[in-house]
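Engineer: what shape does this take:
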Amino acid sequence: MFGFKKRRRQKLRQTPLPQSWISVLKTNVPLYNRLPPADQAELHGHIQIFLAEKLFEGCRGLEITDEIRLTIAAQACVLLLHRQTDYYPGLTSILVHPQAYRATHREHLGDGVIIEGEEVRLGESWHRGSVVLSWEDVKRNSVAHSNAQNVVLHEFAHQIDISGGQGDSSPVLQQVKSFAHWASALQENYEQLCADIMADRPTVLDDYGATNPAEFFAVATECFFENPRQLQQHHPQLYNELKKFYQQDPASL
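Structural biologist: Take a look at the predicted model:
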């Protein structure tokens, strides 16, 4: 079974993207245009596998088009460049809403106290099964990429975090010493962001990253790819750890 999957993926990697698909990438995915040709070619192969293995479902009447699939798949697969990967093994489907949507929120306050209500969301990442996205916000982030926010990168960073590196060859996750240093750097920068927000100091990282360490990782991933030079300038240790983790150096592009 494993050999069949490996051969099928290799065949998909070698299948060229139609020119019309590449045009969508150039228009909708600013990250794509910053990649060198070798990385673009690698990304094409990842996209082919991602599209073949993941199910896209439209919600609230949204019709799934090639534009939607490609725009989301390309950004999700940017996170997989330069290393062996099992393509988000816990993920089976991407649910796409036309706009921001309402979802039930439950918060455990302790002592058996639970607060439940509705909140508006742009996206979410489930522990197993699905990533949920607002197409309107996916498109908005693609156009206004200079604000360092990207809902696709954010939610797929959660998928990487949830999987614990399953099927991932990142040396940060495979080497004990590297992982310890990585965890320490993230914790220090997370605590610094919390302190900056409490003191009302400006920060290149979005305030939402102070919610908890998992959200910090997702926010830091967004900033690493969307605003790399500022992240490198203001948080050099964090930038270097993300550079090792993702095996990429977007500030140099």
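Engineer: contacts, neighbours, all on C-alpha from now
Structural biologist: Noted.
Engineer: flag the shaky bits of the stretch 51-200 of the chain, pLDDT-wise.
Structural biologist: Filtered on pLDDT under 70, the stretch 51-200 of the chain yields the residue ranges 105-117, 144-147, 164-176.
Engineer: do I have it right that Trp182 meets Asn240?
Structural biologist: No: assessed by C-alpha atoms under 8 Å, Trp182 is found out of contact with Asn240, at 9.7 Å.
Engineer: so how far is whichever strand or helix holds Leu51 from its chain's centroid?
Structural biologist: Using DSSP states H and E, Leu51 sits in helix 37-53. Taking the mean of its C-alpha atoms, helix 37-53 sits 15 Å from the chain's own mean (C-alpha atoms, centre = their mean, to the nearest Å).
Engineer: name the residues that touch it?
Structural biologist: Helix 37-53 is contacted from outside by 9, 12-17, 32, 69-70, 73-74, 77-78, 80-81, 87, 92, using C-alpha atoms under 8 Å, 6 or more residues apart in numbering.
Engineer: list the buried residues of that helix.
Structural biologist: 40, 42-51 (16 or more other C-alpha atoms under 10 Å).
Engineer: domain map for this structure?
Structural biologist: For the chain, automatic domain parsing gives the domain ranges 1-166, 170-253.
Engineer: next, the distance between the ends of stretch 225-238.
Structural biologist: The straight-line separation of the ends of stretch 225-238 (C-alpha to C-alpha, to the nearest Å) is 13 Å.
Engineer: ditto for stretch 163-177
Structural biologist: Stretch 163-177 stretches 20 Å from its first residue to its last (C-alpha to C-alpha).
Engineer: check stretch 229-249 too.
Structural biologist: Across stretch 229-249, first to last residue, C-alpha to C-alpha, it's 10 Å.
Engineer: what does the average pLDDT come to for that stretch?
Structural biologist: Average pLDDT, stretch 229-249: 95.
Engineer: now the buried members of the contacts of helix 37-53.
Structural biologist: 9, 12-13, 32, 69-70, 73-74, 77-78, 80-81, 87.
Engineer: and the helices in the stretch 1-150 of the chain, which stretches?
Structural biologist: 2-13, 19-28, 30-34, 37-53, 66-78, 135-143 (DSSP state H, counting those that start in this stretch).
Engineer: quick one: buried residues of the third one?
Structural biologist: When you say that, I think you mean helix 30-34. Across helix 30-34, burial judged by 16+ other C-alpha under 10 Å covers 30-32.
Engineer: list the single closest residue to Gly123 in space, sequence neighbours excluded.
Structural biologist: The spatially closest residue to Gly123, leaving aside those adjacent along the chain, is Leu133, at 4.2 Å (C-alpha to C-alpha, 6 or more residues apart in numbering).
Engineer: that's all I had, so thanks and see you.
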